[in-house]
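Q: Any chance you could fold what I've pasted below:
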Amino acid sequence: MSSEATRQLALDFASQIAPAGCIDIRRFFGGSALVRNGAQFGFVMKGTLYLRVDAAMRAEFEADGSEPFSYRAAGREVTVRRYYAVPAHVIDDPALLHSYAERALHATSTPGHRLADTLPAVTPSG
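A: Okay, here's the model as predicted:
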């Protein structure tokens, strides 16, 4: 899927989730990030919508057979369990998609705040 097609798909999802202009679409590696109020709560990669999950959403997505985002780097598979592929039945239901997007936004750290499951950065003492 081309970067323009990925961006268009991200714009389509964004238009289903919120009124026009409420969600910014930004370049994100080989895909497009969905960002609201400075917080990335999802992205589209290779034609798949991924949303940020908390423990409850992760359990629901796994029960629906969804997989976490993964990629290959340095010869190994890297799995990012904070983002899961959105189940097809959610994508097909605009109200449910909107609800899950709101939940994903609440599961996302915002600038100046750190999520409980996020490891603190290690800084050299000085």
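Q: any idea which element the residue nearest to the spatial centre of the chain lies in?
A: Centroid-nearest residue in the chain: residue 42, 2.0 Å away (criterion: CA atoms, centre = their mean). Following DSSP states H and E, the helix or strand that holds residue 42 is strand 39-45.
Q: Tell me which strands that strand pairs with, and in which orientation.
A: Paired with strand 39-45 in the same sheet, following DSSP bridges, are strand 31-36 (antiparallel), strand 48-52 (antiparallel).
Q: how far does that strand sit from the chain's center?
A: 3 Å (CA atoms, centre = their mean, to the nearest Å).
Q: For that strand, which outside residues touch it?
A: 6, 9-10, 13, 26, 28-35, 49-52, 69, 83, 101, 104-105, 107-111 (CB atoms under 8 Å, 6 or more residues apart in numbering). From N, CA and C alone the C-beta is placed, and that goes for glycine too.
Q: filter the residues you listed to the buried ones?
A: By neighbour count, with 16 or more other CB atoms under 10 Å, the contacts of strand 39-45 hold 6, 9-10, 13, 28, 31-35, 49-52, 69, 83, 101, 104-105, 107-109 as buried.
Q: After the top helix by length along the chain, heading C-terminal, what element do we hit next?
A: The longest helix of the chain (DSSP state H) is helix 3-17. Using DSSP H and E, the helix or strand that follows helix 3-17 in sequence is strand 24-28.
Q: helices or strands up against the longest strand seen in the chain?
A: The single longest strand within the chain, with elements called by DSSP state E, is strand 76-85. Using 3 or more CB pairs under 8 Å, 6 or more residues apart in numbering; DSSP states H and E, the elements in contact with strand 76-85 are strand 48-52, helix 55-63, strand 68-73.
Q: Could you give the separation of it from the chain centroid?
A: With CA atoms, centre = their mean, you get 11 Å for strand 76-85.
Q: List the buried residues of that strand.
A: Buried-residue list, strand 76-85, by 16+ other CB under 10 Å: 82, 83, 84, 85.
Q: and if you look at stretch 86-106?
A: Neighbour-count burial for stretch 86-106 [16+ other CB under 10 Å]: 86, 87, 90, 91, 97, 100, 101, 103, 104, 105.
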